[in-house]
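> Structure for the following, please:
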Amino acid sequence: MAMKQLDTILKYEQDNEQRCADQLKLAEHEYQQNMSRLQGVADYRLEYMKRLSQRAEQGLDSATYSHYHAFIAKLDTASEQVEIAMKQAKALAEQSRTIWLKQRQKVQAVELLREKRLKVVAAAEEKLEQKMFDEIATQQYIRRPIR
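Residues are numbered from 1 along each chain as shown. Down below sits the predicted model:
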């Protein structure tokens, strides 16, 4: 395989690796955002529970208690939905990491093949150069004056 072809393949595989790395970053970012959202909902729920507790100490009518309870249930539902989204984002990030690692292996394999090819080409050039020097030395030996 010619060096130009190997260079083209290497560039193609490196571009694919970059795309895979970008997808991995995006998936990890989405996962982190969902973790932050989940923490935000949990913090808000805790704050709302504290408010309910404070209001309960002062006395609550049943309508207000029902309102607080309904809103806390909505926060619980939101938390569950964000948790599902977070799990999906984590699975996508893991899948993206696997794809990126496989692509990285392809790039490394092509790089290794290219390095081996470069060594073969260099050895052939060195051999040709040595042959040329041997020919020059032989010609000089033949043309030297006999004493």
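
> secondary structure class for the residue most central in space within the chain?
For the chain, the residue nearest the mean C-alpha position is Ala21 (3.4 Å; C-alpha atoms, centre = their mean). Secondary structure, DSSP: H, G, I helix; E, B strand; the rest coil: Ala21 is helix.

> helix/strand/coil for the nearest residue to it once chain neighbours are set aside?
Nearest non-adjacent residue to Ala21, counting by C-beta to C-beta, 6 or more residues apart in numbering: Trp100, 5.7 Å away. (Each C-beta comes from the backbone N, C-alpha and C, glycine too.) Classification of Trp100 using three-state DSSP returns helix.

> Could I get the contacting residues of Trp100?
Listed by C-beta atoms under 8 Å, 6 or more residues apart in numbering, the contact set of Trp100 reads 17, 20-21, 23-24.

> likewise Arg37?
Going by C-beta under 8 Å, 6+ apart, Arg37 touches 82, 85-86.

> Enumerate the positions of stretch 85-98 that are buried.
Buried residues in stretch 85-98, counted by 16 or more other C-beta atoms under 10 Å: 85-86, 89-90, 92-93, 96-97.

> Where does pLDDT dip in this protein?
The chain contains residues with pLDDT under 70 at 1, 147.

> circling back to that earlier point, gap between the residue nearest to Ala21 and Ala27?
Note on Trp100: its distance to Ala27, by C-beta to C-beta, to the nearest Å, is 10 Å.

> Now name the helix or strand holding the closest residue to Leu75 other than its chain neighbours.
Using C-beta to C-beta, 6+ apart and skipping residues adjacent in sequence, the residue nearest Leu75 is Arg45, 4.4 Å away. Taking DSSP states H and E as the criterion, Arg45 maps to helix 3-58.
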